[in-house]
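[1] make a model of this:
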Amino acid sequence: MKIGLFADSHVCTFDLEDGRLPTLSLGKITDMLEDFRASGVELVICLGDLMHYEENAEQNEINIRNVAKLFDGYPVRRVLIRGNHDCEIFSKEDFAQKSGFELSPLCIDAGNGKRLIMLDASYSDDGSEYQPPHNDWTNSYIPPQQLEWFTGLLSDKSLDCTVFVHQCLDYSVEHHHLIRNAVAVNSIIADSENVSHVYMGHYHQGAESTVNGVEYTTLKALSLGNENSYMIIDI
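    Residues are numbered from 1 along each chain as shown. Sure thing, here's the model as predicted:
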């Protein structure tokens, strides 16, 4: 299965600090989808922060309709792993309905012994789910019930599993970007011995690392600078 990955498009009507240029993101997504179509991508996964909060509620509605329209023009299955900024705009149910994206946590069995597991770390460490309008992005957490679900999905050792999440599990990135219980999550991954790769967003510069013998890739933010940034993987 060919999968198209991107992260941190931060779609909104203004540019941000640290070199993020979300005013270019709709054009970048358009170009990305053309490449995905030409490459035969069967599933698109956004690794979070598809959108960026605007004070004007009507503009938020316009922004998400614009994104949905682009993806509706390329009818491929699409999944969003909600990032902290996505959670500031709409409830989970509203985001799914308005965007047309399936939302994590989610498991997709891709055939040929391959399993895709999308986690959701948009919770605070007290177990409460992120809600509009604002959350502490430095306090992300995967709650116990989801960790139990995750462990169960990894229990079939005949499956080669790939994990996707917005916030970071890679200890090499700046520590504010790490999931609060990253050590516990990484221990589950290491103990399973059947996770081949972990893909993340959130840390805009991107990163590559190996944790407990497993490859970890953090995608560079699509909104960063003038160049486009996304990835096509074959699983």
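[2] residue 163 bridge partners, please.
    residue 117, residue 198 (DSSP bridges).
[3] let's number from 52 now, not from 1
    All set: I'll call the first residue 52, so the last point we hit is now residue 214.
[4] ok, it touching residue 249?
    Yes - in terms of Cβ atoms under 8 Å, residue 214 counts as a neighbour of residue 249; the distance is 4.6 Å. Where C-beta positions appear, they are placed from N, C-alpha and C, glycine not excepted.
[5] and for those two, which residues touch both?
    Both residue 214 and residue 249 are contacted by residue 240, under the criterion Cβ atoms under 8 Å, 6 or more residues apart in numbering.
[6] local confidence estimate at the residue nearest in space to the middle of the chain?
    Taking Cα atoms, centre = their mean, the centroid of the chain lies closest to residue 98, which sits 1.6 Å from it. Listed pLDDT for residue 98 reads 98.
[7] same question, residue 215
    98.
[8] didn't it look like it was pressed against residue 98?
    Yes - counting by Cβ under 8 Å, residue 215 touches residue 98, with 6.2 Å between them.
[9] so residue 164 makes contact with residue 211?
    Yes - counting by Cβ under 8 Å, residue 164 touches residue 211, with 5.7 Å between them.
[10] neighbour count: these two, which is higher?
    Neighbour count, other Cβ atoms under 10 Å: between residue 164 and residue 211, residue 211 has more, with 15 against 12.
[11] and the gap between that one and residue 244?
    Counting by Cβ to Cβ, to the nearest Å, the gap between residue 211 and residue 244 amounts to 11 Å.
[12] ditto for residue 226
    Taking Cβ to Cβ, one finds residue 226 at 27 Å from residue 244.
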